[in-house]
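Colleague: Got a predicted structure here, sequence first:
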Amino acid sequence: DSGVTQTPKHLITATGQRVTLRCSPRSGDLSVYWYQQSLDQGLQFLIQYYNGEERAKGNILERFSAQQFPDLHSELNLSSLELGDSALYFCASSVETRDETQYFGPGTRLLVL
Amino acid sequence: ILNVEQSPQSLHVQEGDSTNFTCSFPSSNFYALHWYRWETAKSPEALFVMTLNGDEKKKGRISATLNTKEGYSYLYIKGSQPEDSATYLCAFDNFNKFYFGSGTKLNVKP
């Protein structure tokens, strides 16, 4: 158990819908990272937040957005969902940013039908 | 998009064998390199974060080296055990943007 929690574990929804994935970092960690793993692709970095501020953006679609709240939990919002958004979404956290070990949560498996 | 390559894609070894895999990454704009161990149906588990050219890190039977000038890192497992069976993933940290290789899948037969 890494200490990072993600909810829900599984999510099934329909195309065109919007969902919110939630992540609680380890106690004391200020950085949160979001990753996507699709069936046909490896792990893709989406976005990073540090202490409430966006720090870096990766391959995140415009239909996706994220935020980190004052209590440091983070949410990833996925809207206008398409079949291709079906994937495993991981959240990770670290104490700071650079050079830091990232601890991954168990992931949220999203299925878009 | 930066290219991070790992080789081999998969590896089958006998228990007790030592093995190594490679992660190749761009030699420019290097920030850090992360190694992860990823077991099926679990989430990636951090092994090492490497930042300096010539870095060598060790955790038990697993060790890693880093050459930032030529853009590669090696991961070594000494005396492989069945519980080492997993996918080993590297991630190139390009100023807080992370680019993952496709992993090396290791299968250790008893």
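Modeller: Received it, and whenever you're ready, just let me know what you need. Residues are numbered from 1 along each chain as shown, chains lettered A, B, ... in the order given.

Colleague: what residues are up against A:Gln44?
Modeller: For A:Gln44, the contact set (C-beta atoms under 8 Å, 6 or more residues apart in numbering or on different chains) comprises A:Tyr35, A:Gln36, A:Gln37, A:Ser38, A:Gly58, A:Asn59, B:Phe100. Quick note: C-beta positions are derived from backbone N, CA and C, even for glycine.

Colleague: and it, what helix or strand is that in?
Modeller: Under the criterion of DSSP states H and E, A:Gln44 resides in strand A:43-50.

Colleague: Please put the alpha-carbon coordinates of that strand into PDB.
Modeller: Taking Å, rounded to 0.1, in the frame of the first residue of the first chain, the C-alpha atoms of strand A:43-50 are listed here in PDB:
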ATOM      1  CA  LEU A  43       1.900   4.900 -19.600                       C
ATOM      2  CA  GLN A  44       1.200   8.500 -20.700                       C
ATOM      3  CA  PHE A  45       1.800  11.500 -18.400                       C
ATOM      4  CA  LEU A  46      -1.100  13.800 -18.300                       C
ATOM      5  CA  ILE A  47      -0.500  16.600 -15.800                       C
ATOM      6  CA  GLN A  48       1.300  17.500 -12.600                       C
ATOM      7  CA  TYR A  49       0.200  19.800  -9.700                       C
ATOM      8  CA  TYR A  50       2.400  21.100  -6.900                       C
END
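
Colleague: ok, then the element right after it?
Modeller: Going down the chain from strand A:43-50, the next helix or strand is strand A:53-57, by DSSP H and E.

Colleague: quick one: buried residues of that following strand?
Modeller: With burial defined by 16 or more other C-beta atoms under 10 Å in any protein chain shown, the residues of strand A:53-57 counted as buried are A:Arg55, A:Ala56.
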